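Undergrad: dropping the sequence and predicted coords here.
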Amino acid sequence: MIWPLLAGAACGLGLYLLIRALLPNRPGAVATVARIDALRSASAQPVAAPAAGGGTQDRALAKIGPRVSAFYAQQGWRLNRLRPDLALVEKSMDTFLAQKVLYSAAGLLLGPLLAVVLWLAGVTDSVLAPMWLTLLLVAACFFAPDLEVRSEAKEKRREFTRVVSVYLTLVHLGLSGGSGLPEALKSTAEASDTWPMRRIRWALHEARVMGQPYWSAPGRLGEEIGVPELVDLTSTVALVAEDGAKVRMSLRTRAETLRKRELAELEGAAAAKSQSMLVAQLLLCFGFLIFLIYPALTLINL
């Protein structure tokens, strides 16, 4: 009787939490301020025009996303750890939350189907198997967008760091050639059309429109997307703006430091891959030895 009681208690608790979450409540001051900040951050970002004649998934994301985002804002759930990653991969919070809901719904549908397949295959005949499989699939599908965003943001952040070292070198060359600091920052950002340079150009344009100094734009962008090298760039460039040639050499030194760190990371990754290849070769040799020894072992047993 213990398992049916536990299953009933779990279902009752889940139903209570679902009803409690769906009931409209009066948002507090923290939730209201968080919602205003989210709207302000979203309005400050360049918004891509939606593709004409989007598919069913795009329409579902556009319909579900704002509702789930409003629910998160009412509850005061900020997801501060994921916001820099979402800003870096240029994915809105509405789309991200809608994907979590759709993936969870897919896991809710696939769980019973997988349980039926396992039951027909004779793997399990437990009555609780569909419930546990469904819960596991829903949890895995709910956190799948988080893993996808973090993985993509990690790769983009590494690429952005590589571009920052080049950007620092070009800014130093521009300052050495007699250009002013705003001109050097702007002309260097226009030297390439890669996506990190486009993000830097947009940050500089935003700073110009808002009447802020150019050297504050990289730091604000770095805090937004979680790239500390851009924050350090702002502090260094601010010193250049104040002390002139006395601190220009620090730009080149910092760029060289970034390149050396990137080279060390690449060498470490190459060494790790070499070790993994060595382990694979040892396993192949071990399997070949077993293949050679097996006939002799069978003859001994006979």
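TA: Good, I have the coordinates. Numbers count the residues shown, from 1 in each chain.
Undergrad: what's the closest non-adjacent residue to residue 179?
TA: Distance criterion CB to CB, 6 or more residues apart in numbering; nearest residue to residue 179, sequence neighbours excluded, is residue 187 at 6.9 Å. Using the backbone N, CA and C atoms, a C-beta is placed for each residue, glycine as well.
Undergrad: could you list the low-pLDDT ranges of the protein?
TA: By pLDDT under 70, the weakly predicted segments of the chain are 1, 3-4, 7, 17-18, 20-55, 57, 127, 239-248, 301-302.
Undergrad: could you pull out the helices for it?
TA: Using DSSP state H, the helices found in the chain span residues 2-22, 29-44, 56-75, 83-88, 93-120, 129-176, 181-189, 195-209, 217-225, 228-243, 248-301.
Undergrad: picking up where we left off before, look at the residue nearest to residue 179 and say how many residues are nearby.
TA: For residue 187, the count of nearby residues is 13 (other CB atoms under 10 Å).
Undergrad: do me a favour and get the end-to-end distance for stretch 184-194?
TA: Using CA to CA, to the nearest Å, the end-to-end distance of stretch 184-194 comes to 18 Å.
Undergrad: then stretch 167-183?
TA: Termini of stretch 167-183 sit 13 Å apart (CA to CA).
Undergrad: could you list the buried residues of that stretch?
TA: Buried residues in stretch 167-183, counted by 16 or more other CB atoms under 10 Å: 167-172, 174-175, 179, 181.
Undergrad: same deal with stretch 74-89?
TA: Buried residues in stretch 74-89, defined by neighbour count with 16+ other CB under 10 Å: 74, 78, 82-89.
Undergrad: what does stretch 56-74 give?
TA: Those would be 60-61, 64-65, 68-69, 72-74, for stretch 56-74 by 16+ other CB under 10 Å.
Undergrad: send me it as CSV with only the CA atoms.
TA: What follows is stretch 56-74, C-alpha atoms only, in CSV (Å, rounded to 0.1, in the frame of the first residue of the first chain):
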residue,chain,number,x,y,z
THR,A,56,4.1,26.4,-36.5
GLN,A,57,6.9,26.3,-34.0
ASP,A,58,7.6,30.0,-34.4
ARG,A,59,4.0,30.9,-34.0
ALA,A,60,3.8,28.8,-30.9
LEU,A,61,6.9,30.4,-29.4
ALA,A,62,5.5,33.9,-30.2
LYS,A,63,2.2,33.0,-28.5
ILE,A,64,3.5,31.2,-25.4
GLY,A,65,6.7,33.2,-24.7
PRO,A,66,5.1,36.5,-23.5
ARG,A,67,2.7,34.7,-21.2
VAL,A,68,5.4,32.6,-19.6
SER,A,69,7.6,35.6,-19.3
ALA,A,70,4.9,37.6,-17.6
PHE,A,71,4.3,34.7,-15.2
TYR,A,72,8.0,34.7,-14.3
ALA,A,73,7.9,38.5,-13.8
GLN,A,74,4.9,38.2,-11.5
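Undergrad: the chain should start at 149 in everything you say after this.
TA: That works, and once the first residue is 149, the last one we named lands at stretch 204-222.
Undergrad: run the chain-centre distance for that stretch.
TA: Distance of stretch 204-222 from the chain centroid (CA atoms, centre = their mean, to the nearest Å) equals 19 Å.
Undergrad: and for stretch 259-268?
TA: Distance of stretch 259-268 from its chain centroid, counting by CA atoms, centre = their mean, is 33 Å.
Undergrad: which residues does that stretch contact?
TA: 272-273, 277-278, 281-286 (CB atoms under 8 Å, 6 or more residues apart in numbering).
Undergrad: if we use 6 Å, what do you get?
TA: Counting contacts by CB atoms under 6 Å, 6 or more residues apart in numbering, the residues outside stretch 259-268 that touch it are 272, 277-278, 281-282, 285.
Undergrad: out of these, who's the most crowded?
TA: Neighbour counts for the contacts of stretch 259-268 peak at residue 285, which has 22 neighbours (criterion: other CB under 10 Å).
Undergrad: fine by me, thanks again.
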